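K.L.:
With the sequence up front, the predicted model follows.
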Amino acid sequence: MTDNSGVARVMGIDPQEIQEWIESFDAVLKEEGQEAATVLLDRLRSRAQKLGAGPAFTANTPYVNTIPVEKQGVFPGDQEIERRIKSLIRWNALAMVVRANRVDHSIGGHISTYASAATLFEIGFNHFFRGRTDEFEGDTVYLQGHASPGVYSRAFLEGRLSAKQLENFRRELRPDGGLTSYPHPWLMPDFWEYPTVSMGLSPLMAIYQARFNRYLEDRAIKPKTNAKVWAFLGDGETDEPETLGAITLASRENLDNLIFVINCNLQRLDGPVRGNGKIVQELEAAFRGAGWNVIKVLWGSDWDPLFERDVDGLLVKGLGEMVDGEAQKLVVESGAYVRQHVFGTDPRLLKMVENVPDEALRTLRVGGHDPRKVYAAYKSAVEHTGSPTVVLARTIKGYGLGESGEGRNITHQQKKLNEEELREFRSRFGIPINDEQLADTPFYRPTEDSREIQYLRARRQELGGYVPTRKVRSKPLVADHDALFREFLTGSDGREVSTTMAFVGMLRQMLRDPEIGKLVVPIVPDEARTFGMESLFRQVGIYSSRGQLYEPVDQHTLLYYKEAKDGQILEEGITEAGSMASFIAAGSAYATHGINTIPFFIYYSMFGLQRISDFIWAAADMRCRGFLLGGTAGRTTLAGEGLQHQDGNSHILALPIPTLWAYDPAFAYEIAVIIQEGIRRMYKDGESIFYYITVMNEAYAMPSMPPGPEIREGILKGMYKYRASENKKSKLRAQIFGSGAILREALKAQELLEEKYGVAADVWSVTSYKALYYDGINTERWNLLHPAEKARVPYVSQCLSDSPGVLVAATDYLKALPNLVSKWVPRRLAALGTDGFGRSDGREALRNFFEVDSRFITLATLHELLQDGKIEATVVEKAIQDLRIDTEKANPLLT
Ligand SMILES: Cc1ncc(C[n+]2csc(CCOP(=O)(O)OP(=O)(O)O)c2C)c(N)n1
Ligand SMILES: [Mg+2]
């Protein structure tokens, strides 16, 4: 096809002259080849620019297929049998949703997404997606979440899922099991690998997955392969900022192992994605601008002869100017409408189609439904080198649903079809189900020896097995790492260090360990210096696929910024979302690659759970393992920064994620115990859990771990008595809970109470309210279900059973955190916490402002004793004076 689409727009130039230029160019192309033609164009462009006549910038190409017919190549499959298979998959996917909806109107599912994606998926399944075998690592495929019925339906034909399972789609709680609505590895751990349904997450995860694969190769942890990462997205999904947010990373890193396929059905849930614009062109410009290889698959083979006749480029121009809202309308309109609106603008165009009947115009196929076009695009994508590829495939939402849904704005939520509509669908796709059976909408699977099943099986065998299949391939670690962590149990000999520094020390040692050293993946979003990690730059290097092409400004220093091709640190720049995507790739490598990489993602704690919680949720769904380190944590411990930075929230935000163990340790030995245990549970015992540990930047002498086996157990279970009062005689008793940096305030309060008020207080380090809370609710649940058996006692109640006195808890997080356990403690619990917006000031001022310092802990303890009638109000009033507490001070929650 010759593209002359600009011709009509050019004013004042003789068409003859234009034709001559074109012919000269064609001659160069023909005789000298493509490279020469490109040089010629480049030279002309530079010349024009120099003379001030540079062409207007455009990142777009005309609205036609990127791959010309001549370069399409042959389709290697049996098109007829593949069409039959696809039709059966369409039918069963539809039947799943229709049947589920009949049983319960509230259940349903989505038909129209898969209806649009069927050819895009099937070409992948039959020709491209390689399974994971012992010899080859396989491709990684992120499938559009709302198209899951189609994926199940294919697995049914493959013999991997039963009709009963299909029957129970979206009814997972049926006694005989069911199928989860969307791709959730947590719920179907042998099937789904990657959760994709929270829109925008999977494109970002796919980019970082592709980069992580390269990282493993560059570090010689896995062999170099040509495995691909495929991500299938919706066009509406591209409005999520995460979708396009990292595309420049993919091109910068030359990720030619990455292929996006965007299902451009021009619709999202409510209506058109860009009614008044063109989403394909918009995406083309964005991806081309970012340096991607863009392949547009817009028109099916039926259009080829029309474009062939379009010598003046009028048709291309017309299609290029038509907004998507109008293009969507063509789908639902008649052939006559198409004739009038696509070809009616110019008599020359009308002439082109004068012999084409209306019906043929109505059913002209778009590119994403044409197997040959899609095949050619994928082939070109997998063969492309040097940059990632995006395939922009034009499809029709609800394809095949006819009047009831095809191209309609309501189609996304279409779950019901009446008998007439079912009959039409059945006939259109040639499903061997007779009219009487239609009302029941049965599933249909041809016999095992049918050509369809044989073909489909043979294709998957050839490609190395079924996709998706999730299988844990890694071998458990064996060492106990006692020696590694032992040095952190003995304190810092009076040296003042922060828990962050202590953690970094552990990380440095872990990186040297013979078993786990290579497996550790430190991940930082441009905060390594904040956390004192710059020494690691030199020790293990920062990963860069290009090595270091420049001499760093600080090369003369010991800790210079060392980038290396086999560097181990993933220094992601300022992207917590991207860093989390790296964490997910590294934290799931035990399944994806059979490699136990252990990610340690350390970040500014406020910008973690608060900012990227949906990714953390997806990590849990994916059964990720590893450690999240919330650095510069605490509302009053991070001094100076203020409202947006000071994190008093994250331990509350960690609560909902079932597999995330959250700790707020105060001392180095606590961190050592937690990390050692985490490595054991995740990488030796194979538990699919991960850890969140807050670390702070307040420096103090780290004590050594108190003796006794109950300490280690207590640290892990959530609390242990750190320092008991030595005063055994006092009648005034208290139990004070401190956590993280606030533990030291509790210890100061213990002294104050003893010295000034004669109160004997024991101090507990509460390392994890979440762990105590989960233990509490689990114990309660067990008791509820076992009324006749001896009731179990929550761990927090056990701890306090022999601990007399009033109960006071102080935390650098919301008061809700200690209050979580208040029902299992033997008496009233007074909670001090940091509810409200942060402030810029020093620690002392902040802890006064938020009322969590030793003075307020003392006051709260005395107040509790007053409530119990153990002391007089005057004592408390006097204390308020002595402690210089301003009773009229601002309320931190309201100011
Ligand atoms: C983060 C997020 N927001 C909203 C939704 C709800 N939702 C599900 S599908 C959908 C429309 C999808 O449109 P598109 O991406 O174009 O995919 P299509 O179904 O058209 O292929 C929406 C809004 C979601 N799944 N995730
Ligand atoms: Mg869409």
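P.N.:
Nice, thanks for sending it over. Ligands and ions are numbered 1, 2, ... in the order given.
K.L.:
Surely Ser579 is in contact with Phe600?
P.N.:
No: taking contacts as Cβ atoms under 8 Å, Ser579 lies outside contact range of Phe600: 11.1 Å. Yep, even glycine has a C-beta here, placed from its N, CA and C like the rest.
K.L.:
So for the two, which residue has more residues nearby?
P.N.:
Ser579 (29 against 25; other Cβ atoms under 10 Å).
K.L.:
you'd agree that one is in a strand?
P.N.:
No: under DSSP: H, G, I helix; E, B strand; the rest coil, Ser579 sits outside any strand and is assigned helix.
K.L.:
For it, give its distance to Val695.
P.N.:
Separation of Ser579 from Val695 (Cβ to Cβ, to the nearest Å): 16 Å.
K.L.:
again, but for Gly594
P.N.:
Counting by Cβ to Cβ - Gly594 and Val695 are separated by 31 Å.
K.L.:
More neighbours: which of the two?
P.N.:
Using other Cβ under 10 Å, the more surrounded residue of Gly594 and Val695 is Val695, with 28 against 16.
K.L.:
so who does that one touch?
P.N.:
Residues counted as contacts of Val695 (Cβ atoms under 8 Å, 6 or more residues apart in numbering) are 498-500, 502-503, 531, 602, 629-631, 633, 665, 671.
K.L.:
residues of the longest helix along the chain that come out buried?
P.N.:
The helix that spans the most residues within the chain, counting by DSSP state H, is helix 79-103. Buried residues in helix 79-103, counted by 16 or more other Cβ atoms under 10 Å: 81-101.
K.L.:
so whichever helix or strand comes after that helix versus helix 79-103, what angle?
P.N.:
Reading on from helix 79-103 to the C-terminus, the next helix or strand found by DSSP states H and E is helix 112-123. Here helix 112-123 runs at an angle of 150 degrees relative to helix 79-103 (axes from the mean of the first three to the mean of the last three Cα atoms, to 10 degrees).
K.L.:
hmm, helix 112-123 in reach of ligand 2?
P.N.:
No: remark: helix 112-123 sits outside contact range of ligand 2, by Cβ under 5 Å from the ion, the gap being at least 7.1 Å.
K.L.:
so what strands line up beside the next helix or strand after that helix?
P.N.:
Counting by DSSP H and E, the next helix or strand C-terminal to helix 112-123 is strand 140-142. Looking at strand 140-142 with DSSP bridges, its partner strands are strand 229-234 (parallel).
K.L.:
pull the CA atoms of the strand it pairs with into CSV?
P.N.:
Only the C-alpha atoms of strand 229-234 are listed here, as CSV (Å, rounded to 0.1, in the frame of the first residue of the first chain):
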residue,chain,number,x,y,z
VAL,A,229,7.3,-11.0,29.3
TRP,A,230,3.9,-10.4,27.7
ALA,A,231,1.4,-8.0,29.3
PHE,A,232,-2.2,-7.8,27.9
LEU,A,233,-3.9,-4.6,28.9
GLY,A,234,-7.2,-2.8,28.3
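K.L.:
contact partners of it?
P.N.:
By Cβ under 8 Å, 6+ apart, the surrounding residues in contact with strand 229-234 are 113, 117, 120-121, 124, 128-129, 139-144, 146-147, 196, 199, 202-203, 206, 209-210, 213, 243, 257-263, 265, 268.
K.L.:
Neighbours of the residue in the stretch 351-500 of the chain positioned nearest to ligand 2, how many?
P.N.:
Nearest to ligand 2 in the stretch 351-500 of the chain, going by Cβ to the ion, is Lys397, at a distance of 5.9 Å. Lys397 is flanked by 32 other residues according to other Cβ under 10 Å.
K.L.:
Not including adjacent chain positions, what is the nearest residue to it?
P.N.:
Asn265 (3.8 Å; Cβ to Cβ, 6 or more residues apart in numbering).
K.L.:
count of residues packed around the one you found?
P.N.:
Asn265: 31 surrounding residues under other Cβ under 10 Å.
K.L.:
That one touches Ser116, doesn't it?
P.N.:
Yes: applying Cβ under 8 Å as the test, Asn265 and Ser116 come out as touching, 4.2 Å apart.
K.L.:
Give the intersection of the neighbour lists for these two.
P.N.:
368, 395-397.
K.L.:
Return the per-residue confidence for Leu484.
P.N.:
Per-residue pLDDT puts Leu484 at 96.
K.L.:
how about it, what does it touch?
P.N.:
506, 509-510, 513, 676.
K.L.:
Centre of the chain to stretch 422-432, how far?
P.N.:
Stretch 422-432 sits 38 Å away from the centroid of its parent chain (Cα atoms, centre = their mean, to the nearest Å).
K.L.:
Run through who's touching it.
P.N.:
With Cβ under 8 Å, 6+ apart, stretch 422-432 has contacts from 84, 87-88, 90-91, 94, 98, 400-403, 417, 433, 435, 438, 441, 444.
K.L.:
if you set the cut-off to 7 Å instead, what comes out?
P.N.:
The contact list for stretch 422-432 (Cβ atoms under 7 Å, 6 or more residues apart in numbering) reads 87-88, 90-91, 94, 400-402, 417, 433, 435, 438, 441, 444.
K.L.:
which stretches of the stretch 101-250 of the chain aren't confidently modelled?
P.N.:
Under the criterion pLDDT under 70, no range of the stretch 101-250 of the chain is flagged.
K.L.:
rerun at 90
P.N.:
Scanning the stretch 101-250 of the chain for pLDDT under 90 picks out 101-110, 175-177.
K.L.:
Surely Arg214 and Ser544 touch.
P.N.:
No: the criterion here is Cβ atoms under 7 Å, and Arg214 misses it with Ser544 at 10.9 Å.
K.L.:
near ligand 1, which residues of this protein show up?
P.N.:
113, 116, 146, 197-200, 234-237, 263, 265, 267-269, 273, 397, 412 (Cβ under 6 Å from any ligand atom).
K.L.:
Drop anything exposed from these.
P.N.:
With burial judged by 16+ other Cβ under 10 Å, the buried subset of these is 113, 116, 146, 197-200, 234-237, 263, 265, 267-268, 273, 397, 412.
K.L.:
Out of those residues, list just those in helices.
P.N.:
Per DSSP H, those map to helices at 113, 116.
K.L.:
Next step: the buried ones among the residues of the chain next to ligand 1 restricted to strands.
P.N.:
Under the assignment DSSP state E, those contribute 234, 263 to strands.
K.L.:
May I have the distance across stretch 835-844, first residue to last?
P.N.:
17 Å (Cα to Cα, to the nearest Å).
K.L.:
repeat for stretch 443-450
P.N.:
End-to-end distance for stretch 443-450, by Cα to Cα: 16 Å.
K.L.:
re earlier: kindly indicate which of the contacts of Leu484 lies nearest ligand 1.
P.N.:
Closest approach between these and ligand 1, by Cβ to the nearest ligand atom: Met510, at 35.5 Å.
K.L.:
quick one: which helix or strand includes that closest one?
P.N.:
Going by DSSP H and E, Met510 is in helix 499-512.
K.L.:
model confidence over that helix, on average?
P.N.:
97.
K.L.:
next helix or strand past that helix?
P.N.:
Assigned by DSSP H and E, the successor of helix 499-512 is strand 520-524.
K.L.:
Which positions in this protein make contact with ligand 2?
P.N.:
When proximity is defined as Cβ under 5 Å from the ion, the chain approaches ligand 2 at 234-236, 265, 267.
K.L.:
Save those as JSON lines, and put in distance to Tyr375 too.
P.N.:
As requested, the residues of the chain next to ligand 2 are exported to JSON lines (distance: Cβ to Cβ, whole Å):
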{"residue": "Gly234", "distance to Tyr375": "22"}
{"residue": "Asp235", "distance to Tyr375": "21"}
{"residue": "Gly236", "distance to Tyr375": "25"}
{"residue": "Asn265", "distance to Tyr375": "19"}
{"residue": "Gln267", "distance to Tyr375": "25"}
